[in-house]
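>>> Okay, sequence plus prediction incoming.
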Amino acid sequence: MKILSVRFIQVLLLVGCTQVLAADFRVGIVNTERILRESAPAVRAEKKIEKEFSGRDQEIKKVAKQVKDVQIFMEKEGLTLPDAEKRNKERELANLNMNLQRMQRGFSEASPNIDITEKVLKYMANEK
């Protein structure tokens, strides 16, 4: 019985100590993805990449607008056009569509949404 009461007192002391220690215990979380995404080198690298690809993006938008314009023209005037001109416009539309798809594939392969982690790490290493 005496051993049981001693063990009980030890358990109570242990529980009391853990509560005291838990009052000072804090857990911190570091979001490394956010740090890498919002750090100055990452922002500079992202702006550089966006600048590099903005010309291609403008060119793709220009061709997309041409495709849309030819499609609208064909919808409005397609029934009244002579057959030869209609075929020419259809060929032009097909060529523009192929060109647009080729440009989009090339752009998506080298998109600014690529993982820039390696570039950022190299840049940070060079700064040190």
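Sure thing, it's come through. Residues are numbered from 1 along each chain as shown.

>>> Identify the residues contacting the residue lying closest to residue 81 once chain neighbours are set aside.
Leaving aside its sequence neighbours, residue 81 sits nearest to residue 89 (Cβ to Cβ, 6 or more residues apart in numbering; 6.9 Å). C-beta: built from backbone N, CA, C; applies to glycine. Contacts for residue 89 (Cβ atoms under 8 Å, 6 or more residues apart in numbering) come out as 70, 73, 74, 78, 81.

>>> and the least confident of these?
pLDDT across the contacts of residue 89 is lowest for residue 78, at 80.

>>> and it, how many residues sit next to it?
The burial count assigned to residue 78 is 13, neighbours taken as other Cβ atoms under 10 Å.

>>> re the thing from before, which members of the contacts of residue 89 come out as buried by neighbour count?
Buried subset of these (neighbour count, 16 or more other Cβ atoms under 10 Å): 70, 74, 81.

>>> And the helices in the protein?
Secondary structure of the chain by DSSP state H: the helices cover 2-24, 32-38, 40-77, 83-109, 117-127.

>>> Considering the ones you listed, which stretch scores lowest in mean pLDDT?
Looking at the helices of the chain, the lowest mean pLDDT belongs to helix 2-24 (a mean of 64).

>>> Please consider this matter closed, and thank you.
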